[in-house]
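> Any chance you can model this:
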Amino acid sequence: LDLPDVAPDDLVIPAHVSDDPGRPDGVIDGAPGALLAIISGPSGVGKDTIIDALRRRPHDPELYYVVTCTTRGPRPGEVDGISYHFVSRAAFADLRRRGELLESAEVHGNWYGTPRQEVLDALQSGQDVILKIDVQGAMVVGDHDDGRALFVRHLPEKLHDLSAAFAVERRGGFVGQKEA
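Below is the predicted model:
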């Protein structure tokens with residue numbers, strides 16, 4: 001991801017989602033038959049597990065998995081440009097200001113967003129596109145959906161399971177990591 005070097009700015013959270021400069025101006029059109037699939041759910045619910053299962057299955061044509069931008073640091077084993085695009089808060093704010101994110105949301109003190117051009121390029125080339133986004137981001141994309149996107153909302157079986165995952169995440173481990 002090619003990002004300019006920008007001075008640090010505080011991210012401004014708009015009073016209303018519709019006032020967000022990172023919000024899309026309209027629906028992204030793709031080639032006939034191209035599908036936009038959004039896998040969403042709260043943090044720690046297992047979106048990555050679904051994505052990993054999809055990646056293991058053969059698809060013809062291949063699915064395109066959009067790499068999300070985030071201001072959080074990489075966890076062990078994560079690779080920039082594959083797991084996420086790891087960017088500074090200032091660079092993320094610049095992406096939002098320039099309208100280069102399809103959606104963006106702050107989750108647990110870090111910002112996450114979907115690169116608009118990456119989605120557009122894949123859809124226009126006829127590829128089916130898979131987005132992995134938080135519930136807040138799915139709501140933004142859903143506001144502009146014309147009925148052609150597929151939304152998969154993944155929820156925890158039990159509130160206790162999600163609460164335990166958050167406790168592990170707050171301690172710096174992986175979401176879903178078993179304690180010894």
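> surely Asp48 meets His154?
No - if you go by CB atoms under 8 Å, Asp48 and His154 don't touch, sitting 10.4 Å apart. C-beta: built from backbone N, CA, C; applies to glycine.
> Would you map the strands across this protein?
Taking DSSP state E to define them, one finds strands in the chain at 36-40, 64-65, 69-70, 85-86, 101-107, 110-115, 129-133, 150-153.
> Of all those strands, which one is nearest Phe92?
strand 110-115 (5.0 Å; CB to CB).
> Give me the residues contacting the closest one.
Outside strand 110-115, the residues within contact range by CB atoms under 8 Å, 6 or more residues apart in numbering are 1, 11, 22, 66-72, 85, 89, 92, 95-96, 100-106, 131, 133-134, 137, 141.
> Who does it pair with, and is each partner parallel or antiparallel?
Strand 110-115 sits in its sheet next to strand 69-70 (antiparallel), strand 101-107 (antiparallel), going by DSSP bridges.
> Spit out the contact partners of the closest residue to Arg89 other than its chain neighbours.
If the residues on either side of it in the chain are set aside, Arg89 comes closest to Thr71, at 4.9 Å by CB to CB, 6 or more residues apart in numbering. Counting by CB under 8 Å, 6+ apart, Thr71 touches Val87, Ser88, Arg89, Phe92, Asn110, Trp111, Tyr112.
> if you set the cut-off to 7 Å instead, what comes out?
Val87, Ser88, Arg89, Phe92, Asn110, Trp111 (CB atoms under 7 Å, 6 or more residues apart in numbering).
> again, but for Gly137
Gly137 makes contact with Glu103, Ala105, Tyr112, Thr114 under the criterion CB under 7 Å, 6+ apart.
> measure it to Gly44 for me?
According to CB to CB, to the nearest Å, Gly137 stands 16 Å off from Gly44.
> Likewise for Glu118?
25 Å.
> likewise Asp143?
Distance, Asp143 to Gly44, by CB to CB: 25 Å.
> Look at those two and report which has more neighbours.
Neighbour comparison, Asp143 and Gly44: the larger count goes to Gly44, with 21 against 12 (by other CB atoms under 10 Å).
> Output stretch 101-121 as CSV, nothing but the C-alphas.
Extracted C-alpha coordinates of stretch 101-121, given in CSV (Å, rounded to 0.1, in the frame of the first residue of the first chain):
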residue,chain,number,x,y,z
LEU,A,101,-11.6,3.7,2.4
LEU,A,102,-14.9,2.0,1.6
GLU,A,103,-15.6,2.0,5.3
SER,A,104,-13.7,2.7,8.5
ALA,A,105,-14.3,2.2,12.2
GLU,A,106,-12.5,2.4,15.5
VAL,A,107,-12.5,-0.9,17.3
HIS,A,108,-10.9,-1.3,20.8
GLY,A,109,-8.8,1.9,20.3
ASN,A,110,-7.5,1.0,16.8
TRP,A,111,-8.7,2.0,13.4
TYR,A,112,-9.7,-0.5,10.7
GLY,A,113,-10.7,0.3,7.1
THR,A,114,-11.3,-1.3,3.7
PRO,A,115,-9.3,0.1,0.8
ARG,A,116,-11.9,1.2,-1.7
GLN,A,117,-9.7,0.9,-4.9
GLU,A,118,-8.8,-2.7,-4.0
VAL,A,119,-12.5,-3.7,-3.9
LEU,A,120,-13.3,-1.7,-7.0
ASP,A,121,-10.4,-3.2,-9.1
